[in-house]
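Participant: one predicted model, sequence on top.
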Amino acid sequence: SCDSSFYETNSVVQPAVALRFLDFPTLMVYGICTPNEIKFGKGKACSFQMRLDFLQESLKTVPLYIMYVDAVKENVTMLASATVDISSMAEQLEDLLNKQSVSKRSYMMVYDAVNNPVGKIDLSINFRNGQINSA
């Protein structure tokens, strides 16, 4: 959700959350405006294949980037952002040999360019059989 006053102040036309992980294409989740907040629904899922050792090393060193944007086609504008440390999940990947999945869920704030909190994101990351699904 995002503070509706921030939405109105910045004249956001098409609110969206962009998720960026490694060199994979950015995932966009488009928001729906309600009277008091912007809701982003259930999110997106992404499947990919990667060697386990490379994925583990990447998780230890590269965060997941989350950006709140105005996704107008002609000029996408970043309004706020957050980075998510997912290094703790690197060790959990070994558990995939014995389990169906491992997951992490957290709530985080996104901040504008001058570090003011402007919204909260509920993020779940699930690893399944060597694939990562983000919602």
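Facilitator: Yes, it's here. Bear in mind that the values here come from a model prediction, so they are computed numbers and not experimental data. Numbers count the residues shown, from 1 in each chain.

Participant: tell me where the model's unsure across the chain.
Facilitator: Within the chain, the segments meeting pLDDT under 70 span 1-10, 35-36, 42-44, 95-100, 129-135.

Participant: any chance you could map the helices in it?
Facilitator: With DSSP state H as the criterion, the chain has helices at 4-9, 52-61, 89-92.

Participant: would you map the strands across the protein?
Facilitator: Taking DSSP state E, the strands of the chain run over residues 2-3, 15-20, 27-30, 32-33, 37-39, 64-70, 77-84, 101-111, 117-128, 131-134.

Participant: quickly compare the helices of the chain and say which is most buried.
Facilitator: Mean neighbour count (mean count of other Cβ atoms under 10 Å) peaks for helix 89-92 among those, with a mean of 16. For glycine as for every other residue, the C-beta is placed from the backbone atoms N, C-alpha and C.

Participant: isn't Phe127 up against Leu93?
Facilitator: Yes. Phe127 is within contact range of Leu93, at 6.2 Å (criterion: Cβ atoms under 8 Å).

Participant: list the residues that are in contact with both of those two.
Facilitator: Val102 (Cβ atoms under 8 Å, 6 or more residues apart in numbering).

Participant: higher neighbour count, these two?
Facilitator: Phe127 (22 against 17; other Cβ atoms under 10 Å).

Participant: measure the more buried one to Gly31 for me?
Facilitator: Counting by Cβ to Cβ, to the nearest Å, the gap from Phe127 to Gly31 is 26 Å.

Participant: with Ala45 instead?
Facilitator: Ala45 is 18 Å from Gly31, where distance means Cβ to Cβ.

Participant: more neighbours, those two?
Facilitator: Applying other Cβ under 10 Å to Ala45 and Gly31 shows that Gly31 carries more neighbours, namely 22 against 13.

Participant: quick one on the thing from earlier: the strands of the chain: which one's closest to Gln56?
Facilitator: strand 117-128 (10.6 Å; Cβ to Cβ).

Participant: quick one: buried residues of that closest one?
Facilitator: Val118, Gly119, Ile121, Leu123, Ile125, Asn126, Phe127 (16 or more other Cβ atoms under 10 Å).

Participant: I appreciate the help and will end here.
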